[in-house]
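[1] Structure, please.
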Amino acid sequence: MSGSGKRAPVESLSSETLYFTDVPTESEFRPAWWLPGAHLQTLWPYLFRYDTSWLRRERLELPDGDFVDLCLTEPAEEHNGAAPVIAVFHGLEGDIDSPYAARLMAAIRRRGWHGVFMHFRGCSGELNRKTRSYHSGHTDDIAFLLQLLRERHPGSSLFAVGYSLGGNALLKYLGERGGETPLDAAAAVSVPFQLADGAVRMSRGLSRIYQRHLMRYLHAKIMRKVAAGMLDYRSEEIRRLKTFYQFDDRVTAPLHGFAGADDYYHRCSSRRYLKAIRKPTLIVHARNDPFMTPAAVPADEELSGSVHLELSTGGGHVGFISGGLPWRPEYWLERRLLAYFSGI
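    Numbers count the residues shown, from 1 in each chain. Next comes the predicted model:
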């Protein structure tokens, strides 16, 4: 899965510096003893609600006539100006109330930085205007937001974090753009590097619970568009779609110009783009992620020198909860991400 854990040193520094000269690939994360296993790590954060009412909302109009909704932190006045900016991209059917998003935005505010959370099209509670919405490889909206943030904050460091589907899209964007991106660095968490592998994994064992839960959201959203006259599907046809593969083959692929699920998975899996990334990028991943198999994780030779892949034995899917006491959990992930960007 990973080789020696070391990479050759770089010889120069530039805007496309390959910063990782001698890096371990084994994460320092150790799961809480009271949250053993992938599923407890994954589900624990969803037992709690996080206050996001303090975030400022903004609607961003897109070049094609659609829109996305943003949530922004409001740093203390003394931290405005050149404070770093972090753009945050969520996972499948996520939103600002997803635990990982709410916690990171709160951590960004405490640090005195600017946080900008982008809802993918149709994920903020209001249907988007187009028949198509978003998918694992859609990078246009990411590119548009990042360029806007660079123009708004010309003197600030610009970073981005993507979780799960959002992490896959962010890595694909980075590979597509190479050094031609306004980002200074990025991080991706619990990424489905091989979309086909993830689709198979989610149809097996206890992972079917997550698939069933997410499919309910996908069904409901499609039927809302049907009711609004935006799509032409029969309700019984949508209800027959029980797996991600079936949904992607019948809905996601045709709506977004792919020949089918296999074509969509091949063209949009981030694993094939990792070698082309030229900006410092941290990937945090658990080997026991219940959304995919360990075989989906890329080998060292598939990574560019700008990519640092940290693997942990435990952590589940966007979990990474440590701490010695259940009433005092430690959310390791936010600390790791902000420490990484602080180092850049």
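
[2] which residues of the stretch 151-300 of the chain fall in strands?
    158-163, 185-189, 281-286 (DSSP state E, counting those that start in this stretch).

[3] Could you check the angle the second one makes with strand 281-286?
    What that stands for is strand 185-189. Relative orientation of strand 185-189 versus strand 281-286 (axes from the mean of the first three to the mean of the last three Cα atoms, to 10 degrees): 10 degrees.

[4] quick one, what contacts Asp64?
    Lys130 (Cβ atoms under 8 Å, 6 or more residues apart in numbering). No exception for glycine: its C-beta is placed from N, CA and C like everyone else's.

[5] what about 10 Å?
    Asp64 is in contact with 129-130, 132, 140-141, 144, counting by Cβ atoms under 10 Å, 6 or more residues apart in numbering.

[6] now swap in Leu62 and tell me
    Contacts of Leu62 (Cβ under 10 Å, 6+ apart): 68, 121, 128-130, 140-141, 144-145.

[7] which of the residues you listed are buried?
    Buried subset of those (neighbour count, 16 or more other Cβ atoms under 10 Å): 68, 121, 128, 130, 141, 144-145.

[8] Which of those fall in helices?
    141, 144-145 (DSSP state H).

[9] hang on, the earlier thing: quick one: which of the strands of the stretch 151-300 of the chain is nearest Val226?
    Of all those, the one in closest proximity to Val226, counting by Cβ to Cβ, is strand 158-163 (28.7 Å).

[10] Lowest mean pLDDT among the helices and strands of this structure, which one is it?
    helix 235-239 (a mean of 92; mean pLDDT, DSSP states H and E).

[11] now stretch 335-344: mean pLDDT?
    For stretch 335-344, mean pLDDT rounds to 96.

[12] Please name the residues that touch the nearest residue to Gln147 once chain neighbours are set aside.
    Excluding the flanking residues, the one nearest Gln147 by Cβ to Cβ, 6 or more residues apart in numbering is Pro182, at 6.0 Å. By Cβ under 10 Å, 6+ apart, the residues touching Pro182 are 143, 146-151, 153-154, 158, 160, 279.

[13] Please pick the buried ones from these.
    Neighbour-count burial (16+ other Cβ under 10 Å) is assigned, among the contacts of Pro182, to 146, 149-150, 153, 158, 160, 279.

[14] so which of those residues would you say is closest to Leu231?
    Leu146 (29.6 Å).

[15] Go ahead and confirm that closest one touches Gly162.
    No. Using Cβ atoms under 10 Å, Leu146 is not in contact with Gly162; the gap is 11.5 Å.

[16] intersection of neighbour lists for those two?
    Common neighbours of Leu146 and Gly162 (Cβ under 10 Å, 6+ apart) are 87, 170, 173, 186.

[17] Now for those, which sits with the most neighbours around it?
    Ala186 (31 neighbours; other Cβ atoms under 10 Å).

[18] Val85 bridge partners, please.
    Counting by DSSP bridges, Val85 forms beta bridges with His114, Leu158.

[19] what about it, how many neighbours?
    Neighbours of Val85 using other Cβ under 10 Å come to 24.

[20] tell me which residues in the least confident helix or strand of the chain are buried?
    Here helix 235-239 shows Ile238 as buried, counting by 16+ other Cβ under 10 Å.

[21] Fine by me, thanks again.
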